[in-house]
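Novice: Give the three-dimensional model of this entry:
(chains A and B)
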Amino acid sequence: MPMLEIKNLHVEIEGKKILNGLDLTVNKGQVHAIMGPNGSGKSTLAYVLAGKEEYEVTEGEIWLDGENLLEMEADERAAKGVFLAFQYPMEIPGVATMTFLRTAINAQRKRRGEPELTTPQFMKAVREAADKLGISQEMLRRGLNVGFSGGEKKRNEILQMALLEPRLCVLDETDSGLDIDALKVVADGVNRLRSPDRAMVVITHYQRLLNYIVPDVVHVMSHGRVVRSGGKELALELEANGYAQYREEAA
Amino acid sequence: MADLAVIRSPAEETILTRYPAFKARQNHWGGPAVARLRDAAFDVLKANGLPTRRVEEWKYTDLRSFMRDLPEPFDAHTPELVEAAKAAAPSLAVADAVPFLFVNGRDFSTVKEEGFSWDRLEQGKAQAPSVEAALQRARPYADNAAVALNSAFMSDTTIVRILAGTKLERPLHLVFRELGTAPFATFPRVLVVVEEGASVTLLESHDGPDGVAYQTNTLVEIEVGDGASVEHVRFNGAGDAALSLSTLGVRLGRETRFATLAVATGAAVSRHQVFATFAGEGTQAWIGGASLLRRRQHCDNTLVIDHAVPHCQSRELFKSVLDDESRSVFQGKIIVRPHAQKTDGKMMAQALLLSEAAEADSKPELEIFADDVVCGHGSTAGALDEELLFYLKARGIPHKEAEALMVQAFVGEAVENVQNETTRDAVMDAVAKWLEARA
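Specialist: Numbering: from 1, shown residues only, chains lettered A, B, ... in the order given. Okay, the predicted model is just below:
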């Protein structure tokens, strides 16, 4: 059953066309990888799914569980289960990670008509999830992502993902800037969240991440649309041959 | 050449005509010292009038046009009024603090003196030598228009003395409560002498009715003895039509630790002045502010930090959050005297503009006459970062809540310097309240 359906999506930013009739269907329980050369529109797709306002959708549809995502603000989409793991997570001095997590969880629960978590429930959930990702209590007390290394920021993204329990996880270049050990920690965190009720869209430039997060389907994007789809072996082929073929194909 | 006629504003006229009778009513207290002080202040007002924007220190706050008239100094303190003031909760809610109650400018405190003493100069008792010394000391800011107004029209001076070596656990809270439906003016004055090695958290809150064009002009002076430590937090929750002038005069002895935070959410027009003099070596001072303004509020923070001796450190951090058509003013002057070597001063003023019609003015001034010092200043003004807002919203936090979180974080950088935890929490609660009231 399709969880995410993107049909003929056209997107512009400041008059520049980035997505050009993109189609994508992701079923429940699946992990889809999106690969492609720089500038093919991968990150734009991630931002448009999350609801970033500067991106103007000029044509097309996005449906999540049969609901029209394009009619929702970013915070509403999050409450519906969309989660974007940012390529460059933001630093917010003065907002403790704990405060941020609690505000986010309870805002989502409130919107869904669920009771807010009690302090003990919240603390327990955070402690368990943080332990698995090697995030210390001291880090949680600091300002959000302030003074965190690249790897710590990415782990913090996965921590948020684990606590917010989204339906659709969109990972934007989560592997960028990570060494192999950090990559494994992050990939393990992502794999723990794989479930029959959850779908994932993993955006990456390199095949390396897909050794650890093994996809069900691999798509290649070029010039704002999906130009080829296949199984996980497609990623290996891209690794061997590069993207040159796709740059030319679309040109 | 013909004589030039001096055109006085209604407020200036009122000051001149009201003074003689007011002075006559105050003759029963203070003796020649207070009378001299009063007359000297009146002479300044008479000679200079109220300052306009052509006076550099008042460049952004034209007092002459803001103070259209001077209402009658409040003098009708009925028992009912005092009872009503007692029943009202101050906007800065610090439960364990010792309250001193000022009702429409007059001190009606009933405090149990433990580790400190409390007195009103009007009562005419003999003062401790430390208090006498402080009272007799010349003020570098005596000619400032707001200070002169207070000196001319004060009707008492409250004296609080923290006894040498005493570490007061509970904060002392000067609760200024204004009540009434017709315009009035108040001129309360407080001298706090913190003797050698003592330590205290001193709070001030100012609350009054909305919709009443009352005027308050407070002078709080703190004398910080050698080795003493003082944390001072002032909260301005004045009514939305009020004109609020306030001055904090601080004299810092040797090896002292001093911190003051001025928080403002109230008053139509407010100006808070800090005059701090470093009079002893090895002292560290932190001077901060957080203003949260909306509608057409005007809030001015003006500082003069005088490094008169070597080896001292000063830090200033002022934050303003501006909504609607509000305006914040920051003027910070750091003076480093010729022999005040090894002075370390850093000043920063930051404004967060939530509306396109809001305005922030910032004027730092460094006057450095010594050659071996580290001094710097900075100033920023900007809107909320859209990228950060999106990040918060992408986690399910609604727009308004995301903005609130970022405003709290912005203001929090100044508030987190407050060491007393209950006070810090009370300030952040007041900030949250301001945010909730945002449309």
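
Novice: List the buried residues for stretch B:207-220?
Specialist: Buried positions in stretch B:207-220, judged by neighbour count with 16 or more other C-beta atoms under 10 Å in any protein chain shown: B:Asp207, B:Gly208, B:Pro209, B:Val212, B:Tyr214, B:Gln215, B:Thr216, B:Asn217, B:Thr218, B:Leu219, B:Val220. For glycine as for every other residue, the C-beta is placed from the backbone atoms N, C-alpha and C.

Novice: Include secondary structure, pLDDT and distance to chain A when you put the residues you listed into CSV, please.
Specialist: CSV is the format used below for the buried residues of stretch B:207-220 (DSSP: H, G, I helix; E, B strand; the rest coil; pLDDT from 0 to 100; distance: C-beta to the nearest C-beta, whole Å):
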residue, secondary structure, pLDDT, distance to chain A
B:Asp207, strand, 98, 27
B:Gly208, coil, 98, 31
B:Pro209, coil, 98, 34
B:Val212, coil, 98, 36
B:Tyr214, coil, 98, 35
B:Gln215, strand, 98, 35
B:Thr216, strand, 98, 32
B:Asn217, strand, 98, 34
B:Thr218, strand, 98, 30
B:Leu219, strand, 98, 33
B:Val220, strand, 98, 29
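
Novice: Count the residues that sit near B:Leu37.
Specialist: Burial of B:Leu37 is recorded as 19 neighbouring residues (other C-beta atoms under 10 Å in any protein chain shown).

Novice: nope, B:Ala21 is what I was after
Specialist: Other residues near B:Ala21 number 9, with proximity taken as other C-beta under 10 Å.

Novice: Can I take it that it is in a helix?
Specialist: Yes - looking at B:Ala21 with DSSP: H, G, I helix; E, B strand; the rest coil, it is inside a helix.

Novice: Now B:Leu392: closest residue in space that isn't a chain neighbour?
Specialist: Nearest residue to B:Leu392 in three dimensions, chain neighbours excluded: B:Ala402, at 3.8 Å (C-beta to C-beta, 6 or more residues apart in numbering or on different chains).

Novice: residue boundaries of the helices in the chain?
Specialist: Looking at chain A here, since you left the chain open. The residue ranges that make up the helices of chain A, judged by DSSP state H, are A:42-50, A:74-80, A:97-111, A:119-132, A:137-141, A:150-164, A:180-192, A:233-241, A:244-250.

Novice: nope, chain B
Specialist: According to DSSP H, chain B carries its helices in the segments B:10-25, B:31-48, B:63-66, B:79-87, B:129-136, B:145-153, B:386-393, B:399-415, B:421-436.

Novice: Near chain A, which residues of chain B are found?
Specialist: Contact residues (C-beta under 8 Å from any C-beta of the partner chain) of chain B with chain A: B:387-388, B:390-399, B:401-402, B:405-406, B:408-410, B:412-413, B:416.

Novice: Return a PyMOL selection command for the buried portion of those.
Specialist: Selecting only the buried entries of the residues of chain B next to chain A in PyMOL, with 16+ other C-beta under 10 Å as the criterion:
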select buried, chain B and resi 388+390+391+392+393+394+395+396+397+398+401+402+405+406+408+409+410+412+413
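
Novice: what about A:Tyr243, neighbour count?
Specialist: Counted with other C-beta under 10 Å, the burial measure for A:Tyr243 works out to 18 neighbours.

Novice: Tell me the spacing between B:Tyr95 and B:Glu416.
Specialist: Residue B:95: Ala, not Tyr. As for B:Ala95, its distance to B:Glu416 is 21 Å (criterion: C-beta to C-beta, to the nearest Å).

Novice: picking that back up, could you say which of the helices of chain B is packed most deeply?
Specialist: When you average the neighbours per residue for each of those (mean count of other C-beta atoms under 10 Å in any protein chain shown), helix B:145-153 leads with a mean of 25.

Novice: thinking again about what came up before, can you put the helices of chain A in a markdown table and add mean neighbour count?
Specialist: Rendered in a markdown table, the data for the helices of chain A read as follows (neighbours: other C-beta atoms under 10 Å in any protein chain shown):
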| stretch | mean neighbour count |
| --- | --- |
| helix A:42-50 | 23 |
| helix A:74-80 | 24 |
| helix A:97-111 | 20 |
| helix A:119-132 | 14 |
| helix A:137-141 | 14 |
| helix A:150-164 | 21 |
| helix A:180-192 | 17 |
| helix A:233-241 | 15 |
| helix A:244-250 | 14 |
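
Novice: low pLDDT regions in the stretch 101-250 of chain A?
Specialist: Filtered on pLDDT under 70, the stretch 101-250 of chain A yields the residue ranges A:248-250.

Novice: what residues does it put near chain B?
Specialist: A:Thr103, A:Ala104, A:Ile105, A:Ala107, A:Gln108, A:Arg111, A:Gly143, A:Gln160, A:Leu164.
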